[in-house]
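J.: Coordinates for the following, if possible.
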Amino acid sequence: MKQGICFLAVLCILITGGFGAAAQEKQIGLVAMLQGSNVRAEASADAAVIGKAEAGVYYGCFEAAEGWYRIKLPGGDMGYVSAKRCTFYSTVPAVEKDALPLLGGDTALQPGDLVTFGAYEQDNDRTNGYEPIQWIVLARDEEAGRLLLLSRFALDRQHYHTSNSNATWEQSGLRKWLNGEFLQKAFTEEERKAILVSEVAAHKNTIANVTAGKDTRDQVFLLSMDEVEQYLTREDALCMPTAYAITRNAYYDMETGGCWWWLRTPGHNRMHTAYVNWLGEASAKGYGVISNKGAVRPALWVTYPAAE
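T.: Reported below is the predicted structural model:
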């Protein structure tokens, strides 16, 4: 069953660190400095200089004034930089949606609902800890008492494989990372117990007639092209990267705000892997397995408490 999720939805984060008034402000985006710049107390070239923004560094952005962006410096001070000296990446959802906690939350969750489960660095502010991960419920399996979840946003940027060689999902470095480092980092012990070890089918690339290796058993996995077709509309498939993923070199399209994200289906050969592009379209041709622009949108099956 396909459910419409917001077309231009990206991560919106409330900063919770201890920086006074700025602690409660909403981060609206990310600024990448193209060159070094003075940071000024007001949005004016005549305002007092309160600090320096370094070239090549990303800063959280809290306001867009005419020709200026208000950013937060590492020490917590807030000031303005000229728009001419940086690139702005929007990280505000076009429409806000409520996300309920998965554990201890609503037992009647249905496809299209949003839940929070686990936490991961997302706003690129290391001083305020990890942010809760939002997930879209893709499917509800009543008989097995489980839900299929897909991250709402692309959480990281990773190579699909560690070398430029044939790599099915079974062999991929990304599979190892998701079920190792990511699993341990993003979820508590209690949360990991709720994530099922699932049978992950090796779906063939039927367009290019490329086989996909062996089925696997994983807690965290990527969707296949078949599953994208089954569960997602084009609007659902268009995915925005978090601020952290952008700083990790995930592709970001200035027009749609979308990234491209890996699937587990092989591409036109096993040195390429299928993906969903920044328009929400799946590509059977694929990108090379060592591409350094591919974003990661994890999927997993979780148990849920029986309704009373």
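
J.: So which residue of this structure lies furthest out from the middle?
T.: Centroid-distance maximum for the chain: residue 46 at 38.7 Å, with CA atoms, centre = their mean.

J.: Run through the residues that contact the residue nearest to the spatial centre of the chain.
T.: Nearest to the geometric centre of the chain sits residue 154, at 1.7 Å (CA atoms, centre = their mean). Neighbouring residues of residue 154 by CB atoms under 8 Å, 6 or more residues apart in numbering: 239, 240, 241, 242, 245, 250, 259, 261, 295, 296, 297. (Glycine included, C-beta is placed from N, CA and C.)

J.: What helices and strands are in contact with the longest strand along the chain?
T.: In the chain, assigned by DSSP state E, the strand with the most residues is strand 131-141. If you count contacts as 3 or more CB pairs under 8 Å, 6 or more residues apart in numbering; DSSP states H and E, strand 131-141 packs onto strand 114-120, strand 146-151.

J.: quick one: the helices in the stretch 201-308 of the chain?
T.: For the stretch 201-308 of the chain, the helices defined by DSSP state H, counting those that start in this stretch occupy 225-231, 234-237, 243-247.

J.: what is the mean pLDDT for the second one?
T.: Summarised as a single mean, pLDDT over helix 234-237 is 94.

J.: Next, the buried residues of it.
T.: 236, 237 (16 or more other CB atoms under 10 Å).

J.: could I have that helix exported to PDB, CA atoms only?
T.: What follows is helix 234-237, C-alpha atoms only, in PDB (Å, rounded to 0.1, in the frame of the first residue of the first chain):
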ATOM      1  CA  ARG A 234       7.700   9.000  -6.500                       C
ATOM      2  CA  GLU A 235       7.000  11.600  -3.800                       C
ATOM      3  CA  ASP A 236       7.900   9.100  -1.100                       C
ATOM      4  CA  ALA A 237      11.100   8.100  -2.900                       C
END
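
J.: what's the pLDDT at the closest residue to residue 295 other than its chain neighbours?
T.: Once flanking residues are discounted, residue 295 sits nearest to residue 154: 3.5 Å by CB to CB, 6 or more residues apart in numbering. At residue 154, the model reports a pLDDT of 97.

J.: Dig out what residue 154 forms beta bridges with.
T.: Beta-bridge partners recorded for residue 154 (DSSP bridges): residue 241.

J.: What's the separation between it and residue 134?
T.: To residue 134, residue 154 is 12 Å away according to CB to CB, to the nearest Å.

J.: Residue 174 contacts residue 158, correct?
T.: Yes. Assessed by CB atoms under 8 Å, residue 174 is found in contact with residue 158 at 5.5 Å.

J.: burial count for residue 293?
T.: Using other CB atoms under 10 Å, residue 293 has 15 other residues around it.

J.: need the contact list for it.
T.: 157, 249, 250, 251, 260, 287.

J.: how about a cut-off of 6 Å?
T.: residue 251 (CB atoms under 6 Å, 6 or more residues apart in numbering).

J.: Residue 244 versus that one, what's the distance?
T.: For residue 293 relative to residue 244 (CB to CB), the value is 15 Å.

J.: now swap in residue 43 and tell me
T.: For residue 43, the distance to residue 244 - CB to CB - is 27 Å.

J.: Many thanks, I have nothing further to ask.
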